[in-house]
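Novice: Prediction below, plus the sequence it came from.
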Amino acid sequence: MLLLLVLPVLVSGFLLFHFHPYYKYKLHRYEGQYLYLRSAQFGLYCFLISIFIDSYAYSNLPASVTVCSFVFEIDLHKFVNGILSSYEVLNSTEVPKLAWILVVIITSLVVPLLWSGLSFLKYFIRYWTLSTRQPLIAKVLSDSPLDAFLFEAMLKKGEHLVMLSLSDRKVYVGKILSMGEPNESEGPDQEVLLKPVMSGYRKTEDLTVEFTTSYNGLDEDTFITIRQDLIVSACEFKFDTYENLNPKKEPWSPV
């Protein structure tokens, strides 16, 4: 019967990754066997917590409560035991053990929701906002300078221009408007939406930047989506800095 606990342990760990306000943004980093191991690790935590909850409830809580003359049974073990006892095919000596296993399984599947709810409350108190997406994604992306830079540029709502150099030597200057939504296989850093100001390329001989195209005359709804794995480098762009670094050239402006 203990084999019945293996699947609920994995499922409860996986549920925690899906509902937890922080871990769900890191789910894309766990692949293959590592995902199973991480699910088993957190599922085991949920399983141990469920054992503690069920043991405490069985020892300290009454079997029933009365509300407005209505009696409600809250002893889950007694309830499950009664259902299993109605099946004559089950051995009467095994019914109490099976009932306890089912109760622990049910509780272990509820623990991820309770854990996630308490974590959301913690982050709400810390950041004082119901929308914890931005600060938590920033925390997840903080281990990558490129991710952190692009996300910070997006949060500034286009206050500063950024220059993106791609693997094909194409260069874009513009404003980061958004990044991709995280899912089970990819994180929030798979692509960026750029409002272009100008573009050019890096010369083959010395990799200096040559701007060739201005986007000022185009419609306001002109955007470019760039896969982040194509970005070789990124930095904040300032026209004064660019002109100081290229004194031999005529000042270039997209205006």
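Specialist: That came through fine. What you see is a predicted model; the values in this text were computed from it and never measured.
Novice: Show me how the record splits this structure into domains.
Specialist: Listed by automatic domain parsing, the domain ranges of the chain are 2-136, 142-245.
Novice: can you list those domains in JSON lines and add mean pLDDT and mean neighbour count?
Specialist: The way it works is simple: take the backbone N, C-alpha and C, and place the C-beta from them, glycine included. Listed next are the domains of the chain as JSON lines, based on pLDDT from 0 to 100; neighbours: other CB atoms under 10 Å:
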{"stretch": "domain 2-136", "mean pLDDT": "79", "mean neighbour count": "15"}
{"stretch": "domain 142-245", "mean pLDDT": "83", "mean neighbour count": "15"}
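Novice: SS state for the residue nearest to residue 26 when sequence neighbours are not counted?
Specialist: The spatially closest residue to residue 26, leaving aside those adjacent along the chain, is residue 140, at 5.7 Å (CB to CB, 6 or more residues apart in numbering). Following DSSP: H, G, I helix; E, B strand; the rest coil, residue 140 is assigned to helix.
Novice: And for residue 193?
Specialist: With three-state DSSP as the basis, residue 193 sits in strand.
Novice: so it touches residue 223, yeah?
Specialist: Yes. Using CB atoms under 8 Å, residue 193 is in contact with residue 223, at 5.6 Å.
Novice: any residues in contact with both of the two?
Specialist: Common contact partners of residue 193 and residue 223 (CB atoms under 8 Å, 6 or more residues apart in numbering): residue 177.
Novice: longest helix in the chain, by residue count?
Specialist: Criterion DSSP state H: the longest helix present in the chain is helix 95-127.
Novice: Show me the contact partners of the host helix or strand of residue 150.
Specialist: Using DSSP states H and E, residue 150 sits in helix 145-155. Helix 145-155 is contacted from outside by 134, 137-138, 141-142, 160, 162, 175-179, 188-189, 192, 228, 231, 234-236, using CB under 8 Å, 6+ apart.
Novice: so after it, what's the next helix or strand?
Specialist: Proceeding N to C from helix 145-155, the next assigned helix or strand is strand 161-166, under DSSP H and E.
Novice: how far out from the middle of the chain is that following strand?
Specialist: Distance, stretch centre to chain centre, for strand 161-166: 26 Å (CA atoms, centre = their mean, to the nearest Å).
Novice: Which elements pack onto that strand?
Specialist: Judged by 3 or more CB pairs under 8 Å, 6 or more residues apart in numbering; DSSP states H and E, the packing partners of strand 161-166 are helix 145-155, strand 170-179, strand 191-202, strand 231-237.
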